[in-house]
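*Asks:* after the sequence you'll find the predicted model.
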Amino acid sequence: MTEQQQNPSHAPSRVSRRYVLGAAGAAGLIAGGAGGAFGAAQLKEEPTALASVGSSSVPFYGNRQGGITTPAQARGHLVAFDLAAGAGRKGAAALLKRWSRAAEEMTAGRVPPGDNQIALDAGPSSLTVTFGFGRSFFAKTALAKQLPDALAPLPDFPSDELVAAHSNGDLWVQIGADDALVAFHALRVIQKEAGDGAARLRWQMNGFNRTPGATAEPRTARNLMGQVDGTDNPKQTDATFNERVFVPSSGSPEWMAGGSYAVVRRIRMLLDAWDDLSLERQEKVIGRRKSDGAPLSAGKGGTETTPVDLDKRDADGLPAIAADAHIRVAKPESNSGAAMLRRTFSYHDGFRDDGAPDAGLLFVAWQADPLKGFVPVQRKLDGGDGLSRFLRHESSGLFAVPGGAGKGEYVGQRLLES
Ligand SMILES: C=CC1=C(C)c2cc3[nH]c(cc4nc(cc5[nH]c(cc1n2)c(C)c5CCC(=O)O)C(CCC(=O)O)=C4C)c(C)c3C=C
Ligand SMILES: [Fe+2]
């Protein structure tokens with residue numbers, strides 16, 4: 001077993017990018033200069049730097065599936081499948097076996113004989129392939145007794161504009177990789193292994209994030225509105241992290257031990273309307289500074305990690321973080337402690353007939369129980385969040401993502417052989 005395969009946290013093992021800075025380069029970094037400030041004369045990389053992105057791997061086997069606590073990769077594909085008529089439990093089990101074997105090979109960077117060679121030459125590039133089951137899966141496989149209570153349909157939120165054909169599904173696969181070809185290759189293999197006899201593609205969403213190494217030092221990514229997004233996510237070091245995100249070993253149903261529930265929402269951003277807002281208004285809508293993500297309660301100072309002070313008043317005596325600011329409405333403190341792990345990708349699917357970008361966020365929220373995570377928070381946001389005026393929720397899904405497979409097992413085996 002390699003050092004990377006032993007890594008239990010699903011943070012990819014990565015050959016670190018180390019920079020050798022000359023005096024001028026260091027000055028450029030401190031001044032926050034971009035582009036030319038980081039010219040080759042000032043910034044020299046170790047010769048291994050480029051290979052490091054490709055060589056990082058996330059173990060496929062383990063108590064938990066990869067792609068949950070793994071930092072969101074540069075490319076993502078979210079796909080849902082419906083079981084083919086007559087596939088039943090036997091067909092589903094055979095499919096999960098094929099998918100798990102293929103995922104094991106690909107996440108280790110191995111290319112099977114006869115492969116289409118799309119990913120040849122590339123390393124694993126932090127590839128993760130994560131499998132989940134939708135509510136409709138259980139009746140089709142005669143497993144209704146194993147249907148988790150937590151898979152109850154999400155409530156209708158008043159401002160939802162959901163497209164049924166792009167929502168839900170029997171099976172869900174999340175693919176992430178730091179290389180676009182590696183991610184596409186995995187998608188193609190998963191689709192081919194489904195074949196016509198087992199499952200058919202229901203919907204697909206393609207996303208992206210910043211590429212590792214694109215910033216001088218690792219930074220929280222930005223979304224397509226330009227905001228630093230992901231700051232106040234639960235941290236793996238929090239005492240409550242595991243109980244918030246993962247189903248405990250004593251949880252019900254038993255086959256979900258070590259698993260998690262994924263809420264998937266395709267949220268289109270009204271970027272033209274957003275771009276028309278002044279910077280000051282944009283910052284008020286979120287409650288954080290756009291440039292560096294510092295909370296507005298920190299005044300002109302602070303940094304992204306400065307704790308938010310919801311009681312802070314500005315010079316006019318008004319709340320520094322407005323009553324309808326996104327972070328105030330979404331905070332666990334405003335929702336009886338409800339919290340989720342947000343792990344998102346941006347998407348851009350061209351331009352609509354009116355010229356507006358068809359772009360936004362593939363929002364994936366992970367939690368041990370959606371009723372203590374996404375549901376209460378979205379209820380509150382739907383009515384009282386200043387940001388919701390600039391968003392349209394167009395697709396939705398809720399999936400039970402079982403724990404990981406042990407060596408020689410396949411994902412979902414405990415359910416399918418129960
Ligand atoms: C139901 C949950 C949430 C949805 C849907 C959602 C959509 C959404 N959010 C942003 C941008 C930001 N969100 C931020 C923080 C934040 N968002 C949620 C929940 C949902 N967001 C939570 C729980 C939090 C953390 C609140 C806190 O504890 O402070 C931020 C601030 C930076 C951060 O902490 O990540 C931004 C920016 C967009 C653009 C969006 C839909 C497209
Ligand atoms: Fe948010």
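*Replies:* In hand now; what should we look at? Residues are numbered from 1 along each chain as shown. Ligands and ions are numbered 1, 2, ... in the order given.

*Asks:* up against ligand 1, what does the stretch 101-250 of the chain have?
*Replies:* Applying Cβ under 6 Å from any ligand atom, one finds that the stretch 101-250 of the chain approaches ligand 1 through 223, 225, 227, 229, 230, 231, 232. In short, each C-beta sits where N, CA and C put it, glycine included.

*Asks:* between all of those residues, which two are separated the most?
*Replies:* 225 and 232 (16.6 Å; Cβ to Cβ).

*Asks:* more neighbours: which of those two?
*Replies:* residue 225 (23 against 18; other Cβ atoms under 10 Å).

*Asks:* check the secondary structure at that one for me.
*Replies:* Secondary structure assignment for residue 225 (DSSP: H, G, I helix; E, B strand; the rest coil): coil.

*Asks:* thinking it is in contact with residue 272, fair?
*Replies:* No. Contact between residue 225 and residue 272 fails when scored by Cβ atoms under 8 Å: they sit 11.7 Å apart.

*Asks:* how near is residue 88 to residue 137?
*Replies:* Distance of residue 88 to residue 137, given as Cβ to Cβ, to the nearest Å: 11 Å.

*Asks:* those two: which is more packed in?
*Replies:* residue 137 (26 against 13).

*Asks:* just the strands in the stretch 51-200 of the chain please.
*Replies:* Using DSSP state E, counting those that start in this stretch, the strands of the stretch 51-200 of the chain run over residues 75-83, 128-133, 171-177, 199-208.

*Asks:* flag every buried residue along the last one.
*Replies:* Taking 16 or more other Cβ atoms under 10 Å as the neighbour-count basis, strand 199-208 is seen to contain the buried residues 199, 200, 202, 203, 205, 206, 207, 208.

*Asks:* residue contacts, the first one?
*Replies:* Taking Cβ atoms under 8 Å, 6 or more residues apart in numbering as the criterion, residue 199 is in contact with 81, 82, 83, 84, 87, 95, 170, 171.

*Asks:* run the last query once more with 6 Å
*Replies:* 81, 83, 84 (Cβ atoms under 6 Å, 6 or more residues apart in numbering).

*Asks:* excluding its backbone neighbours, what's nearest the first one?
*Replies:* To tie it back to what came earlier, the one meant is residue 81. Spatially, and ignoring its direct neighbours in sequence, residue 81 is nearest to residue 199 (3.9 Å; Cβ to Cβ, 6 or more residues apart in numbering).

*Asks:* likewise residue 351?
*Replies:* residue 357 (5.8 Å).

*Asks:* what does residue 226 give?
*Replies:* That would be residue 290: by Cβ to Cβ, 6+ apart, it lies 5.9 Å from residue 226.

*Asks:* assumed the one you found was part of a helix.
*Replies:* No. Checked against three-state DSSP, residue 290 lies outside a helix; its state is coil.

*Asks:* backbone phi and psi for it, please?
*Replies:* phi -80, psi -40 (degrees, to the nearest 10).

*Asks:* and for the one 5 residues further on?
*Replies:* In terms of degrees, to the nearest 10, the main-chain angles of residue 295 are phi -70, psi 150.

*Asks:* after the strand or helix carrying residue 365, which helix or strand is next?
*Replies:* Per DSSP states H and E, residue 365 falls inside strand 357-367. Remark: after strand 357-367, the chain's next helix or strand is helix 374-384, criterion DSSP H and E.

*Asks:* after that next one comes which helix or strand?
*Replies:* strand 391-401.

*Asks:* list the buried ones in that following strand?
*Replies:* 391, 393, 394, 395, 396, 397, 398, 399, 400, 401.

*Asks:* buried residues, whatever helix or strand comes next after that strand. List them.
*Replies:* Per DSSP H and E, the first helix or strand lying C-terminal to strand 391-401 is helix 413-416. Residues 413, 414, 415, 416 are the ones in helix 413-416 that count as buried (16+ other Cβ under 10 Å).

*Asks:* which strands or helices does the strand holding residue 365 pack on?
*Replies:* Counting contacts by 3 or more Cβ pairs under 6 Å, 6 or more residues apart in numbering; DSSP states H and E, strand 357-367 packs against strand 260-269, strand 345-351.

*Asks:* and it, which strands flank it?
*Replies:* According to DSSP bridges, strand 357-367 forms sheet pairs with strand 260-269 (antiparallel), strand 341-342 (antiparallel), strand 345-351 (antiparallel).

*Asks:* run the angle between it and strand 391-401 for me.
*Replies:* 40 degrees (axes from the mean of the first three to the mean of the last three Cα atoms, to 10 degrees).

*Asks:* need the helices for the stretch 51-200 of the chain, in chain order.
*Replies:* Using DSSP state H, counting those that start in this stretch, the helices of the stretch 51-200 of the chain run over 88-107, 136-140, 180-198.

*Asks:* can I get those in TSV with mean pLDDT?
*Replies:* Formatted as TSV, these follow (pLDDT from 0 to 100):
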stretch	mean pLDDT
helix 88-107	97
helix 136-140	98
helix 180-198	95
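
*Asks:* and the strands of the stretch 51-200 of the chain: which comes nearest residue 122?
*Replies:* strand 171-177 (8.8 Å).

*Asks:* who are the contact partners of residue 247?
*Replies:* Applying Cβ under 6 Å, 6+ apart, the residues near residue 247 are 256, 257, 259, 368.

*Asks:* helix or strand: which one has the residue nearest to the first one when sequence neighbours are not counted?
*Replies:* In this case it means residue 256. Leaving out its chain neighbours, the residue that sits closest to residue 256 by Cβ to Cβ, 6+ apart is residue 247, at 4.6 Å. Secondary structure from DSSP H and E places residue 247 outside every helix and strand.

*Asks:* quick check: residue 247 vs ligand 1, distance?
*Replies:* Remark: distance between residue 247 and ligand 1 (Cβ to the nearest ligand atom, to the nearest Å) = 20 Å.

*Asks:* same question, residue 276
*Replies:* Distance of residue 276 to ligand 1, given as Cβ to the nearest ligand atom: 16 Å.
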